[in-house]
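Undergrad: Sequence plus the predicted model coming up.
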Amino acid sequence: MTLVLDAGGITALVGQRARLLELRRRGLWPPKVPAVVLAEALTGDHRRDFHTNRLLRTCQVRDVDEVQAREAARLRTASGRAARISAADSIVAAFAGSRSGSVVLTSELRDLKALAEHTAQPVVVVGI
């Protein structure tokens with residue numbers, strides 16, 4: 001299984017040692033984080049981002065290519081909620097949907113579930 005985090009998933013795990021240990025015990029660590037998610041998860045101020053950056057050092061931050069970006073656009077449109085769903089969440093769904101057995105940890109449960117209905121591979125969406 002592959003754990004994929006969106007910005008809300010990252011925020012929920014910052015400083016949550018017990019949760020991190022449980023994810024490791026289940027074999028879900030390290031998670032994958034599409035690079036675009038950093039734009040939502042970070043402020044750009046190293047002092048305010050200290051704890052988030054500390055968590056991100058244990059994650060696998062992955063680049064997003066053109067194919068994934070185009071798939072994200074397709075998912076966003078297919079969801080019927082394109083005006084309300086962020087491009088970053090669409091990319092998270094496309095990224096997860098390109099891998100077998102992906103689980104997305106998110107605070108945007110409704111949006112990610114709407115996107116996951118249209119992914120190439122089944123994606124499990126877990127709310128925080």
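TA: It's in.

Undergrad: ok, and the most far-flung residue of the chain relative to its centre, which helix or strand is that part of?
TA: Ranked by distance from the centre of the chain (CA atoms, centre = their mean), the top residue is R47, with 23.4 Å. Using DSSP states H and E, R47 falls within no helix or strand.

Undergrad: What distance do you get for it to N53?
TA: According to CB to CB, to the nearest Å, R47 stands 10 Å off from N53. Using the backbone N, CA and C atoms, a C-beta is placed for each residue, glycine as well.

Undergrad: Need phi/psi at R99.
TA: Per-residue torsions, R99: phi -120, psi 140 (degrees, to the nearest 10).

Undergrad: right, I mislabeled it, should have said V14
TA: As for V14, its main-chain torsions (degrees, to the nearest 10) stand at phi -60, psi 120.

Undergrad: ok, it - contacts?
TA: Contacts for V14 (CB atoms under 8 Å, 6 or more residues apart in numbering) come out as H51, T52, R54, L55.

Undergrad: Beyond the lengthiest helix in the chain, next helix or strand please.
TA: Looking across the chain with DSSP state H, the single longest helix is helix 66-78. Per DSSP H and E, the first helix or strand lying C-terminal to helix 66-78 is helix 87-97.

Undergrad: I'd like to check the angle between that next one and helix 66-78, please.
TA: 110 degrees (axes from the mean of the first three to the mean of the last three CA atoms, to 10 degrees).

Undergrad: So in that sheet, which strands flank the next helix or strand after helix 87-97, and in what orientation?
TA: Using DSSP H and E, the next helix or strand after helix 87-97 towards the C-terminus is strand 102-106. Strand 102-106 pairs in its sheet with strand 2-5 (parallel), strand 123-127 (parallel), by DSSP bridges.

Undergrad: And the longest one, what's buried?
TA: Residues V123, V125 are the ones in strand 123-127 that count as buried (16 or more other CB atoms under 10 Å).

Undergrad: One more: stretch 106-125?
TA: T106, E108, D111, L112, K113, A114, L115, A116, H118, T119, V123, V125.
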